[in-house]
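*Asks:* generate a structure from the sequence data that follows.
(chains A, B, C, D, E, F, G and H)
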8 protein chains.
Amino acid sequence: MNEWQIYLSGEIHTDWREQIDAGVREAGLPAVLSSPVTDHAASDDCGVRILGEETQPFWHDHKGAKINAIRTRTLIEQADVVVVRFGDKYRQWNAAFDAGYAAALGKPIITLHDPSLTHALKEVDAAALAVAEHPDQVVEILRYVIETR
Amino acid sequence: MNEWQIYLSGEIHTDWREQIDAGVREAGLPAVLSSPVTDHAASDDCGVRILGEETQPFWHDHKGAKINAIRTRTLIEQADVVVVRFGDKYRQWNAAFDAGYAAALGKPIITLHDPSLTHALKEVDAAALAVAEHPDQVVEILRYVIETR
Amino acid sequence: MNEWQIYLSGEIHTDWREQIDAGVREAGLPAVLSSPVTDHAASDDCGVRILGEETQPFWHDHKGAKINAIRTRTLIEQADVVVVRFGDKYRQWNAAFDAGYAAALGKPIITLHDPSLTHALKEVDAAALAVAEHPDQVVEILRYVIETR
Amino acid sequence: MNEWQIYLSGEIHTDWREQIDAGVREAGLPAVLSSPVTDHAASDDCGVRILGEETQPFWHDHKGAKINAIRTRTLIEQADVVVVRFGDKYRQWNAAFDAGYAAALGKPIITLHDPSLTHALKEVDAAALAVAEHPDQVVEILRYVIETR
Amino acid sequence: MNEWQIYLSGEIHTDWREQIDAGVREAGLPAVLSSPVTDHAASDDCGVRILGEETQPFWHDHKGAKINAIRTRTLIEQADVVVVRFGDKYRQWNAAFDAGYAAALGKPIITLHDPSLTHALKEVDAAALAVAEHPDQVVEILRYVIETR
Amino acid sequence: MNEWQIYLSGEIHTDWREQIDAGVREAGLPAVLSSPVTDHAASDDCGVRILGEETQPFWHDHKGAKINAIRTRTLIEQADVVVVRFGDKYRQWNAAFDAGYAAALGKPIITLHDPSLTHALKEVDAAALAVAEHPDQVVEILRYVIETR
Amino acid sequence: MNEWQIYLSGEIHTDWREQIDAGVREAGLPAVLSSPVTDHAASDDCGVRILGEETQPFWHDHKGAKINAIRTRTLIEQADVVVVRFGDKYRQWNAAFDAGYAAALGKPIITLHDPSLTHALKEVDAAALAVAEHPDQVVEILRYVIETR
Amino acid sequence: MNEWQIYLSGEIHTDWREQIDAGVREAGLPAVLSSPVTDHAASDDCGVRILGEETQPFWHDHKGAKINAIRTRTLIEQADVVVVRFGDKYRQWNAAFDAGYAAALGKPIITLHDPSLTHALKEVDAAALAVAEHPDQVVEILRYVIETR
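*Replies:* Predicted structure coming up:
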């Protein structure tokens, strides 16, 4: 059995990635999990830190967002499954952007969010093959589709 | 000169589409503008209206969102340029989803939003070829790229 | 508004295509409907009629099925929307094949079948953006996605 | 020589997969066989088991079929050769759907079925590079194309 | 009904193209026929005539073949159906090359040749959806797939 | 015969486009010529003119170059043939970039430059189907490939 | 350095594959060579041997050619470089077909043939990145492009 | 974590590749660096050395450039990230060509050049996800996107 590449997109303020990681390891699944840079400050400032300061906030953000895109687009394109998590804070447009990007590439998408977000996320959920509420459901889905049990 | 197909994605609560439409017509540009269904209630309820009621809100939304996707994906795929508008209200995840979808297809993207949203939209703006604040800037860009003036 | 290309795949023993055609014309939709060859005998025998007799039934069928594929694959690839109808008779594997073909190409799919077939068609319906029971629902969907009303 | 990825789609009520597996192992072929979930009940119920009960049979099926699609589409896209088996029972629309999906991706297809199904499967067979009647013929084909003997 | 684009590749020493053209016009089919440059001398010498003489025969041929490729590849890529004719003279490797090119693009192929060439053309015929012996059979196929009669 | 779309990339300081345009019109070819914005100042400043001033030259250039890309990439992707002109002044990296872009899309490329640039342009010429020295040779090639005379 | 996949298509009556294989091994190149089935009788008869006799020569050839296509297309699609050899005997349309197939996929092609075939192969050579006369030149090219020496 | 494939295109007269290589190794990144042939004379003469002399400089260059393209296009297509370096000497059209080729394939591009080249490279930089001035910045970017630190 080959390894499955699973990309975990979205919210960076709760430990949902750690929960999925623990579950995947406990189940012994042949799955490689990957993520964007989840250190908020490092992610925001990577552009100016590496390539030099900017006086305008727009270009500060722009330089960083593009460097982050080198990682995120590469990993989405290599992924077999893309999990997209939406939390209850912030606008998280990057998560929805990733979902749209993955959808256009034909990647299987699993969304993960509280039912209270159902109406706001209906277009994203419509492109998903599964809509989960809890990280352990994502682990269960991965176990089922990878190991058929 | 062929007609350019321009898809206008995003916010449905202000008249930005009408402003772009008026500007495009005033400039006499060979551009065909298209949009999602912008009647909020019609869009939300199209699934159950046509295909039958649902008892669960999730499936109510799901049926509608999928029918809307028939329109939106077809128009994005036919578009030469995709304009994505973000307003100051609501979560607008569908707009960011459309932007990601368009980006993965290699469509030129113009985002349209207030500078106050710059930080939250940095990943979306990073995928755009132009970031505008006002509808008349979008018209100016279209005039320039279509008619070179 | 450009014309939408709609391909009507599947069952050839009831008048569902005529009903959709009548509905589309009554609604004045800018939609071009296309279909496989729906004359059963002509479709079965086109290979040997044009290219010469075969002594083996397998090759009789094979020659005809391939000539039909020139039409069906071309029309599916040109389609903006693919409608796939399943009736209650015959195995209709060609309809399911068309649905799979359209799904892999990323075409929006509308399935049309009686609820009694839901369980047997669950994998096909899972790839559809709408699951209709009656031809007039297909017309309603087309009117909604093409003309937004 | 690299390993060949072989996906075995279709009928789950006879031991044709086991026969091919035994033959491939006996021949020592560098081939990795994969399949959908073949436990009928597990496959039907995976959606509600993992993601929660549904009151409507349609959505019960829908949730399960989509989770199964995460597995089946991923494996078809990774496959070098897709074998599709049709038995004499049930409608097996998912098998024909998989064949269409594989055909649109340009995957070499081997169909496996009794000659009594030839006429009903003519469109599927027309897209196949080989039409076998017995599992050992599939093994022979794999041995020939992989090891040239 | 849209116009079908039909590319006629291969042999340039008999009047098979004229026969197909006459048949298509007589049948009133909405088909646009296109061909490579069929004037042998003009085709061989186009490179050096337009771009300057060459002292080496290899480069004489090379310049011409590449200019001809501007036409042939463009037309094959635009074609809905590619007809490839093999005669009994010359090596006609360009015809087989065109067939391979069309096959990789997923274009429906009709081959046209005498049965005496069957064994030599088996790999090309294996990629075709129809194998005809006479130009009027090609016309019949086009009439059937375009107009379903 | 359909119209051919010809994109004219590269040098903007001589009248080579006008010469090709005159030749194409004189020959009555069904060809639509398109170009980037050739007004040097307008092209350089379009970004800041439409979207607002920048204090840094890098971002001044960046905004303009991206807006120009909306036009150039769209036209290259729609082109049947891409002509790329290199003059003897300036670095013209955008011309070579366009050639690479067109090559990766599989577009037939005609380069147009003085023989003195042959060595420096060898990688670009290696991707071209014709290497011309004078605009009238480009017209001749277009006449030959479009009208076969 | 990753391994390069090299597919050797064409003539099966001389030892050119063995020469390239010996050269590649002597040079210690990280290259995996693959070929079609080169046993002429086995290749011709594989279809009827595995899948059952045919009374018509056309179908005898057809069944075999399609099984061979499972191997050849898979290997061409996996190849980094495709070498196509033309000898002085037989029509070798399959070699030219493979070259066209590889060209449409954008694979780098090296042709290998005697200069006496230059004129007949000009369209195929026009799609090649190198035209060699001797197997040791192919080895030299592989050594240069893989190991840069 | 999988290995990342990084292609280093462009200038061959300074030691920027060695600097990146040293930095990548010092950081212990799972990255495989690859490059075109950087021996100027070997690169220029590979065509005539392997395939025979040419009397015309154009064909001398052409043969060599095409053989080099076997390497460069293969490596660009396999790359996860393409770094393109522009120096202050020579025209370096091959570097801009590679950037255009990579852009059309959707590869993340990092350009590396002195700020004095900003205006001349604006179209290339507009297609890049990062614009660096020093090799150590490229190493920093790779470390960040690969190892998120």
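*Asks:* pLDDT at whichever residue of chain A sits closest to chain E, what is it?
*Replies:* Proximity of chain A to chain E (C-beta to the nearest C-beta) peaks at A:Gly106, 17.0 Å away. All C-beta spots, glycine's among them, are computed from the backbone N, C-alpha and C. With respect to pLDDT, A:Gly106 scores 97.
*Asks:* then A:Met1?
*Replies:* 49.
*Asks:* quick revisit: do I have it right that the residue of chain A closest to chain E meets C:Ala103?
*Replies:* No: applying C-beta atoms under 8 Å, one finds A:Gly106 not in contact with C:Ala103, separated by 9.7 Å.
*Asks:* which SS state does A:Ile6 fall under?
*Replies:* Under the three-state scheme (DSSP: H, G, I helix; E, B strand; the rest coil), A:Ile6 adopts strand.
*Asks:* looks like it contacts A:Leu33 (just checking).
*Replies:* Yes: A:Ile6 is within contact range of A:Leu33, at 5.1 Å (criterion: C-beta under 8 Å).
*Asks:* the two: who's more crowded?
*Replies:* Between A:Ile6 and A:Leu33, counted using other C-beta atoms under 10 Å in any protein chain shown, the more crowded position is A:Ile6 (24 against 18).
*Asks:* quick one on the thing from earlier: which residues are in contact with each of A:Ile6 and A:Leu33?
*Replies:* A:Val24 (C-beta atoms under 8 Å, 6 or more residues apart in numbering or on different chains).
*Asks:* show me which of A:Gly106 and C:Ala103 is the more surrounded one.
*Replies:* C:Ala103 (25 against 13).
*Asks:* how about the more buried one: what's its closest non-neighbour residue?
*Replies:* C:Ala127 (4.2 Å; C-beta to C-beta, 6 or more residues apart in numbering or on different chains).
*Asks:* now A:Ser9: which helix or strand?
*Replies:* strand A:4-10 (DSSP states H and E).
*Asks:* now do the phi/psi pair for A:Ala31.
*Replies:* When read as degrees, to the nearest 10, the backbone of A:Ala31 gives phi -130, psi 140.
*Asks:* nearest residue to it in space, ignoring adjacent ones along the chain?
*Replies:* A:Trp4 (4.6 Å).
*Asks:* ok, the one you found touching A:Ser34?
*Replies:* No: applying C-beta under 8 Å as the test, A:Trp4 and A:Ser34 come out as separate, 11.3 Å apart.
*Asks:* so what's the closest residue to chain C within chain A closest to, chain neighbours aside?
*Replies:* Among all residues of chain A, A:Gly106 sits closest to chain C, at 6.8 Å; criterion: C-beta to the nearest C-beta. Excluding the flanking residues, the one nearest A:Gly106 by C-beta to C-beta, 6+ apart is C:Gly106, at 6.8 Å.
*Asks:* just A:Asp125 next, same as before
*Replies:* A:Asp125's closest residue in space is A:Val131 (C-beta to C-beta, 6+ apart), at 5.0 Å.
*Asks:* quick one: secondary structure of that neighbour?
*Replies:* strand.
*Asks:* I'd like the distance between it and A:Ser34.
*Replies:* Going from A:Val131 to A:Ser34 by C-beta to C-beta, to the nearest Å gives 22 Å.
*Asks:* got the contact list for A:Asp80?
*Replies:* A:Asp80 neighbours (C-beta under 8 Å, 6+ apart): A:Trp4, A:Gln5, A:Ile6, A:Lys107, A:Pro108, D:Thr74.
*Asks:* most distant residue from the middle of chain A?
*Replies:* Distance from the C-alpha centroid of chain A, by C-alpha atoms, centre = their mean, peaks at A:Thr55 (30.5 Å).
*Asks:* can you give me the distance of the residue lying closest to that one once chain neighbours are set aside to B:His113?
*Replies:* Once flanking residues are discounted, A:Thr55 sits nearest to F:Thr55: 6.7 Å by C-beta to C-beta, 6+ apart. The gap separating F:Thr55 from B:His113 is 22 Å, by C-beta to C-beta.
*Asks:* swap in A:Glu54?
*Replies:* On the measure of C-beta to C-beta, A:Glu54 and B:His113 end up 19 Å apart.
*Asks:* the more surrounded of those two?
*Replies:* More neighbours surround B:His113 than the other of A:Glu54 and B:His113, with 23 against 18 (other C-beta under 10 Å).
*Asks:* how many neighbours does the closest residue to A:Pro108 other than its chain neighbours have?
*Replies:* Of all residues not flanking A:Pro108 in the chain, D:Ile70 sits nearest, at 4.3 Å (C-beta to C-beta, 6+ apart). By the other C-beta under 10 Å criterion, the neighbourhood of D:Ile70 contains 23 residues.
*Asks:* and for the one 4 residues further on?
*Replies:* Neighbours of D:Thr74 under the rule other C-beta under 10 Å: 19.
*Asks:* quick check on the residue lying closest to it once chain neighbours are set aside: phi, psi?
*Replies:* Leaving aside its chain neighbours, D:Thr74 sits nearest to A:Asp80 (5.2 Å; criterion: C-beta to C-beta, 6+ apart). As for A:Asp80, its main-chain torsions (degrees, to the nearest 10) stand at phi -90, psi -30.
*Asks:* over to A:Pro108?
*Replies:* Phi and psi for A:Pro108, reported as degrees, to the nearest 10, are phi -60, psi 130.
*Asks:* what distance do you get for it to A:Val145?
*Replies:* 8 Å.
*Asks:* joint contacts of the two?
*Replies:* If you check A:Pro108 and A:Val145 against C-beta under 8 Å, 6+ apart, the residues they both contact are A:Val81, D:Ile70, D:Thr74.
*Asks:* which SSE is the second one in?
*Replies:* Using DSSP H and E, D:Ile70 sits within helix D:57-78.
*Asks:* quick one: low-confidence parts of chain A?
*Replies:* A:1 (pLDDT under 70).
*Asks:* try 90 this time
*Replies:* Scanning chain A for pLDDT under 90 picks out A:1-2, A:88-91, A:149.
*Asks:* run through the strands of it in chain order.
*Replies:* A:4-10, A:31-34, A:81-85, A:109-112, A:130-132 (DSSP state E).
*Asks:* re the thing from before, to what extent is the residue nearest to C:Ala103 buried, counted in neighbours?
*Replies:* C:Ala127 has 21 neighbours, counted by other C-beta under 10 Å.
*Asks:* ramachandran coordinates for it?
*Replies:* phi -100, psi 0.
*Asks:* hang on, it packs against D:Phe97?
*Replies:* Yes: C:Ala127 is within contact range of D:Phe97, at 7.3 Å (criterion: C-beta under 8 Å).
*Asks:* quick one on the thing from earlier: residues contacting the strand holding A:Ser9, please?
*Replies:* A:16-17, A:20, A:24, A:29-36, A:72, A:75-76, A:78-87, A:92, A:94-95, A:98-99, A:102, A:112, A:142, A:146, D:74.
*Asks:* run through the residues of chain A sitting next to chain F.
*Replies:* Proximity of chain A to chain F (C-beta under 8 Å from any C-beta of the partner chain) is limited to residues A:Thr55, A:Gln56, A:Trp59.
*Asks:* how about 7 Å then?
*Replies:* A:Thr55, A:Trp59 (C-beta under 7 Å from any C-beta of the partner chain).
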